[in-house]
Structure formats: structure tokens, C-alpha cells
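Peer 1: Pasting the sequence and the predicted coordinates here, then a few questions.
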Amino acid sequence: MMIEPVVSTDVATDDYVQFWAAGDRAKGEFHCSDCGYGVTVHTQLPACPMCASSSWEQKPWSPFTRTATLSDL
């Protein structure tokens with residue numbers, strides 16, 4: 001009896017990156033997918049002011065993203 005190998009067609013979801021387009025309603029921190037320029041928006045995404053790209057990636061939120069330093073105190 002020959003056992004056939006199992007081939008998985010599942011794609012790992014850990015590597016998935018959602019892209020947002022200029023003009024999309026959004027809130028949070030985003031980075032231009034072309035040049036890396038960062039913006040914080042509260043209404044809608046603009047075209048990138050550095051390279052005019054219209055594709056954005058949302059920066060993952062973490063409560064530890066911005067920690068206080070001695071100069072902030």
C-alpha cells in the first residue's frame with residue numbers, strides 16, 4: 001500500500017497585509033507602501049505627500065508603541 005503525501009493549499013494568514021487606497025475612510029497610523037512615509041489620519045487617507053502614491057499600509061496598533069522617555073517628562 002502506497003501512502004500519498006498531503007499537500008496543503010492553505011495560505012499562512014500571518015503574512016497578509018491589507019492595503020488601503022487614498023480616499024478610503026480610515027483612522028489610525030499608516031505608512032506609504034511605496035516610500036514608507038507615515039501619516040496619522042482621522043477621516044480619510046490622502047495621496048502620499050512625498051511620492052504621490054495612493055497605497056497605504058496600516059501600522060499595527062500596540063499600547064506599547066509610544067513609551068514615555070525622560071525628555072517627555
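Peer 2: Yep, that arrived. Numbers count the residues shown, from 1 in each chain.

Peer 1: Every contact and neighbour count from this point should use C-alpha atoms.
Peer 2: Will do.

Peer 1: Could I get the average pLDDT for stretch 34-52?
Peer 2: Stretch 34-52 carries an average pLDDT of 94.

Peer 1: what does it rub up against?
Peer 2: For stretch 34-52, the external contacting residues (C-alpha atoms under 8 Å, 6 or more residues apart in numbering) are 21-32, 53-55.

Peer 1: Now rank the residues you listed by neighbours and give me the top one.
Peer 2: Within the contacts of stretch 34-52, neighbour counts (other C-alpha atoms under 10 Å) peak at residue 32, which reaches 25 neighbours.

Peer 1: I figured that residue hits residue 22, correct?
Peer 2: No. With contact defined as C-alpha atoms under 8 Å, residue 32 does not reach residue 22; the gap is 10.0 Å.

Peer 1: so what's in contact with those two at the same time?
Peer 2: With C-alpha under 8 Å, 6+ apart as the test, residue 32 and residue 22 both reach 54, 55, 56.

Peer 1: So which of these are in strands?
Peer 2: 55, 56 (DSSP state E).

Peer 1: mind putting the shared contacts of residue 32 and residue 22 in a markdown table, distance to residue 40 included?
Peer 2: Formatted as a markdown table, the shared contacts of residue 32 and residue 22 follow (distance: C-alpha to C-alpha, whole Å):
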| residue | distance to residue 40 |
| --- | --- |
| 54 | 15 |
| 55 | 14 |
| 56 | 11 |
